[in-house]
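**Q** based on what follows, work out the 3D shape:
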Amino acid sequence: MPVYLDHAATSPIRASVLELYIATLSEIGNPASVHSFGQHSRQILEQAREEIAKAINCDRNEVIFTSGGTESDNLAIKGIYWDVNSKDPSKNVIISAAAEHHAVLDAINWLVDSQNAELYLIPSDDQGVLDIAALERYLEQNASRVALISVMWANNEIGVIHPISEITKIAKVYSIPVHSDAIAALGHIPVDFAKSGLAAMAITGHKLGGPVGSGALILRRDQKLTPVNHGGGQERNLRSGTPDASSAAALALTITEAVSEQEDLAQKHQIMTQRLIAGVKQIASDVIVSAENAQRLPNNVHFRFPGCLGDSLLFLLDSDGVSISTGSACTAGVSGPSHVVLSLGASNDEAMGTLRITLGHSTKDQDIDAFLEAFPKAHQGAKKAGLTRR
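**A** Below you'll find the predicted structure:
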């Protein structure tokens, strides 16, 4: 039986979500239309908005539906930067971290390359933990030039959790808006938008058992941003395009279920990841567990295997029916070491020998058993192949 342990890439759709998604796809009507069909579609959309707001503790009007995490990150980063910078051109610095998702880093680097923005990266240690004291020192000297801070709630590759409330507390002193990509965190640890102090937060559903292409930007009511695309202005005049009521409904149910089961699943996943770590260490005594001494997501474990290529391990495990990844699926197929692992101070060779295992709502103990059974042979084969790419 095939084993799937790559939920941070995407997760199997939940049966309840699939049923709702199919049912709402058959509904007719544009949510902007005034006739009964349109108003029924609008009702589905607004009910979904209410349910998401309840699940993550925000106001319903703060939920802006998008096509997913990448769009949400781009809308927040570019939109907030443009708004702040247009009012005060001296504010052209964006603060972030080297291990951010490419949806964040590439959006920022585009602003650097084409919009005269500057980037300051918060230093981190070999566990991926951000140096908050360094952030404070930087702001003491440069806060008047900072337009935006963007730090993910938890890292999608190595699972380290960042102190978002601490960062927003520091930023509030200087009235600097903070955006966070919360996609890896939502459904695995508590995520409370109102308590976080964030100005903006990106979420999506397909990593929790929802359909691909469903997401939202949670934008605080008093936070301004400049739209990235233009048209009908359907979502608070900030995001144009006919809203997808079916995806919104599916996203809402996905998040509601994920949040409701989060505490119980976190306990189960913590036990499973500890089993994985112990089992791998028995076979590969030189393995490095990334961020092992940091606060990490309960469903994530990231390994580095000296003398092995992660791709070799991946293909050998896949041939035995076990699907995992070497890192973010958003850069899968791109030759080169992970920028996240390099940010930990690892060498290029070390960063090429990685495996990421991420658990989800459908993970069973038998899946862990299957991985631990298949791993010794795969490790032996990868070790024999060494670092040579074929």
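
**Q** hey, where'd the strands end up in the stretch 201-350 of the chain?
**A** Here the stretch 201-350 of the chain has its strands, by DSSP state E, counting those that start in this stretch, at 215-219, 288-289, 300-304, 322-323.

**Q** where does the stretch 251-390 of the chain have low pLDDT?
**A** Along the stretch 251-390 of the chain, segments meeting pLDDT under 70 span 328-335, 388-390.

**Q** ok, now with 50
**A** 390 (pLDDT under 50).

**Q** in which helix or strand would I find the residue nearest to Leu217 when sequence neighbours are not counted?
**A** In space, and not counting its chain neighbours, Leu217 is closest to Ser72: 4.0 Å by Cβ to Cβ, 6 or more residues apart in numbering. To be clear about C-beta, it is placed using only N, CA and C from the backbone, and glycine gets the same treatment. Using DSSP states H and E, Ser72 sits within helix 69-87.

**Q** of all the strands of the stretch 201-350 of the chain, which lies closest to Arg42?
**A** Distance to Arg42, taken as Cβ to Cβ, is lowest for strand 215-219 among the strands of the stretch 201-350 of the chain, at 16.8 Å.

**Q** what's the angle from that closest one to helix 69-87?
**A** With axes from the mean of the first three to the mean of the last three Cα atoms, to 10 degrees applied, the angle from strand 215-219 to helix 69-87 works out at 30 degrees.

**Q** pull the longest helix from this structure.
**A** For the chain, the helix with the greatest residue count under DSSP state H is helix 245-283.

**Q** now do Asn237 against Ala266, distance only.
**A** 38 Å (Cβ to Cβ, to the nearest Å).

**Q** when the two are compared, which one has more neighbours?
**A** Per other Cβ atoms under 10 Å, whichever of Asn237 and Ala266 has more neighbours is Ala266, with 17 against 10.

**Q** who touches the most centrally placed residue in the chain in this structure?
**A** In the chain, the residue lying closest to the centroid (Cα atoms, centre = their mean) is Ile183, at 3.2 Å. Taking Cβ atoms under 8 Å, 6 or more residues apart in numbering, we find Ile183 in contact with Gly69, His101, Met152, Asn156, Ala202, Ile203, Thr204, Lys207.

**Q** over to His379?
**A** Ile283, Ala284, Phe305, Cys308, Leu313.

**Q** list the residues that contact Ala294.
**A** Per Cβ under 8 Å, 6+ apart, neighbours of Ala294: Gln127, Gly128, Val129, Val160, Ile161.

**Q** now those as TSV including secondary structure and pLDDT?
**A** Output for these, formatted as TSV (DSSP: H, G, I helix; E, B strand; the rest coil; pLDDT from 0 to 100):
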residue	secondary structure	pLDDT
Gln127	coil	95
Gly128	coil	96
Val129	coil	95
Val160	strand	98
Ile161	strand	98
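
**Q** just the helices in this structure please.
**A** Using DSSP H, helices in the chain cover 15-25, 36-56, 69-87, 102-115, 132-142, 164-173, 193-196, 245-283, 310-319, 339-342, 348-352, 365-385.

**Q** nearest to Leu5, out of those?
**A** Closest approach to Leu5 among the helices of the chain (Cβ to Cβ): helix 365-385, 6.2 Å.

**Q** specify the angle between the closest one and helix 245-283 in degrees.
**A** Using the same axes, to 10 degrees: helix 365-385 against helix 245-283 is 60 degrees.

**Q** so helix 365-385 versus strand 300-304, what angle?
**A** If you take the same axes, to 10 degrees, helix 365-385 sits at 10 degrees to strand 300-304.
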